[in-house]
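Undergrad: My questions concern the predicted model and sequence given below.
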There are 2 protein chains.
Amino acid sequence: MQFTEEELQEQIGKLEGWRLDKDKLVRKYMFNEYMKGIAFVDEVAAISEAFDHHPHITIDYKTVVLRLTADVEKLDLRQAREFNEAFEKNR
Amino acid sequence: MQFTEEELQEQIGKLEGWRLDKDKLVRKYMFNEYMKGIAFVDEVAAISEAFDHHPHITIDYKTVVLRLTADVEKLDLRQAREFNEAFEKNR
């Protein structure tokens, strides 16, 4: 999917919690239990396989950060929305 | 467990793949399938809960990096050995 800069900003504005960091799309997810974060990562992995597009993941105790490392103009923002849905299920 | 510098170096030398990076113990694990890396992370999480000590984890496609962030003198190196055993099972 190709975006103009303006379209991209509008799309990101609709994605709860996501922000652009040096042209990469990033979100930090916080959990109240370590294993909830791990269950979330398992769902993120399944979604990533389905999209054949794998975010960079960091797990720092109860905090999980996803970083979509494709060029922003190639990003499929539906994937970020699915990650958010997985978060709502696992938080 | 407390180590002298010499004892620590000797212990780390016995831990396959682990190295000291700025006083933190780090190992990179590489998998030939993304989901094998994820299964490994699930085991790492279970081990971490058992030790009540959670490494920093990064997942970069088929590469998983663990970083034990406690002060080295407080590290329980059995945990690193268990991570290595989990790797052997999941690689």
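TA: Sure thing, it's come through. Residues are numbered from 1 along each chain as shown, chains lettered A, B, ... in the order given.
Undergrad: Tell me the gap between the helix or strand where A:Glu88 lies and the middle of its chain.
TA: When secondary structure is defined using DSSP states H and E, the element that contains A:Glu88 is helix A:77-90. Centre-to-centre, helix A:77-90 and its host chain are 7 Å apart (C-alpha atoms, centre = their mean, to the nearest Å).
Undergrad: can you list contacts of it?
TA: A:1, A:11-12, A:15-18, A:25, A:27, A:29, A:31, A:36-37, A:39-40, A:43-44, A:47-48, A:51, A:53, A:55, A:66, A:68 (C-beta atoms under 8 Å, 6 or more residues apart in numbering or on different chains). Just so you know, the C-beta spots here come from the backbone N, C-alpha and C atoms, and that holds for glycine as well.
Undergrad: What is the burial count for the residue nearest to A:Phe31 when sequence neighbours are not counted?
TA: Across the structure, with C-beta to C-beta, 6 or more residues apart in numbering or on different chains as the measure, the residue nearest A:Phe31 apart from its sequence neighbours is A:Gly37 (4.2 Å). By other C-beta atoms under 10 Å in any protein chain shown, 25 other residues sit near A:Gly37.
Undergrad: Give me the buried stretch members for the helix holding A:Glu88, please.
TA: Within helix A:77-90, the residues that qualify as buried by neighbour count (16 or more other C-beta atoms under 10 Å in any protein chain shown) are A:Leu77, A:Gln79, A:Ala80, A:Arg81, A:Glu82, A:Phe83, A:Asn84, A:Ala86, A:Phe87, A:Asn90.
Undergrad: Pull up the gap between the fourth one and A:Ala70, please.
TA: Spelled out, it's A:Arg81. Noted for A:Arg81: a distance of 16 Å to A:Ala70, by C-beta to C-beta, to the nearest Å.
Undergrad: wait, what's in contact with A:Arg27?
TA: Contact analysis of A:Arg27 by C-beta under 8 Å, 6+ apart lists A:Leu15, A:Gly17, A:Trp18, A:Arg19, A:Val65, A:Leu66, A:Ala80, A:Phe83, A:Asn84.
Undergrad: Just the pLDDT at it, thanks.
TA: pLDDT for A:Arg27: 97.
Undergrad: Likewise for the one 5 residues further on?
TA: In the prediction, the pLDDT value recorded for A:Asn32 is 97.
Undergrad: swap in A:Lys74?
TA: pLDDT at A:Lys74 comes out at 66.
Undergrad: next one: A:Ile12
TA: Model confidence at A:Ile12, given as pLDDT, is 88.
Undergrad: Correct me if wrong: it contacts A:Leu25.
TA: Yes: shown here, A:Ile12 and A:Leu25 form a contact pair, counting by C-beta atoms under 8 Å, at 6.9 Å.
Undergrad: If anything else comes up later, I'll come back, but that's it for now.
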